[in-house]
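>>> how would this look folded up:
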Amino acid sequence: MLYTNSMTSAISLESAFKRAPRADFLPSNVKDDANIDAPLPIGFGQTNSQPSTVYNMLNWLQIEPGNNVLDVGAGSGWTTALLAYLVGKEGHVTATEIVPELATFGRHNCQSLPLQNITFLTAKQQLGYKNNAPYDRILVSAAAKTIPEELVSQLSSDGIMVIPLQSSIMVITKTNSTLTIDEHPGYAFVPLIN
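Sure thing, here's the model as predicted:
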């Protein structure tokens, strides 16, 4: 999939993966496993999702240049960096991570790249970050038990949210106040903490 991007003439999802190599977002003890298409531990009971799953989620998110994006459960910052490349310098990514040590790790990883369009925050008890809402796109990288109304309310009236729900990934399209949901079963994620 090809995206027009104000940082370059065009950027594909594949190009974003090359600009933000997974190994750069992993703890040293699992860096050698970066090319394995499997989730890898990043500490504190959390994982860096397998590349094919991340690719599918970003594809379903339909990122457009200039989008304002929320990345919930940003962990090591890998999805945050991928999103930042896809939205380009006119877009913005707000990343939230509830584990303070991972938020520090993810922020550091993102700061090592030539990206100026990321705000990386340590989450409190609330989901998302209302101050930068509404978001054109929301990516959630941990499994919720139900669709969080708190995130739906932060989604723009024509926005898309991709969120794991139990063992499926849901693609939620919001049109005004109506939600359309497409389900993609057969996935496993760590639980969403809030």
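>>> This protein: strands as residue ranges?
Secondary structure of the chain (DSSP state E): strands located at 2-5, 8-12, 40-43, 46-48, 68-72, 92-97, 118-122, 135-140, 155-165, 168-175, 178-185.
>>> Can you tell me which of the ones you listed is nearest to residue 85?
strand 8-12 (6.2 Å; CB to CB). For the C-beta atoms, the positions are set from N, CA and C on the backbone; glycine is no exception.
>>> Can you tell me how far the residue nearest to residue 80 when sequence neighbours are not counted is from residue 70?
Leaving aside its sequence neighbours, residue 80 sits nearest to residue 95 (CB to CB, 6 or more residues apart in numbering; 4.1 Å). According to CB to CB, to the nearest Å, residue 95 stands 8 Å off from residue 70.
>>> Residue 186 against residue 168, yeah?
Yes - using CB atoms under 8 Å, residue 186 is in contact with residue 168, at 7.4 Å.
>>> who's more crowded, these two?
Using other CB atoms under 10 Å, the more surrounded residue of residue 186 and residue 168 is residue 168, with 15 against 7.
>>> what's the distance between the more buried one and residue 76?
24 Å.
>>> and what of residue 169?
20 Å.
>>> Check residue 59 too.
21 Å.
>>> More neighbours: which of those two?
The residue with more neighbours, out of residue 59 and residue 76, is residue 76; 25 against 13, by other CB under 10 Å.
>>> correct me, but the more buried one touches residue 104?
No - using CB under 8 Å, residue 76 is not in contact with residue 104, being 10.6 Å away.
>>> Where does the prediction get shaky in the chain?
Across the chain, the ranges flagged by pLDDT under 70 are 1-10, 194.
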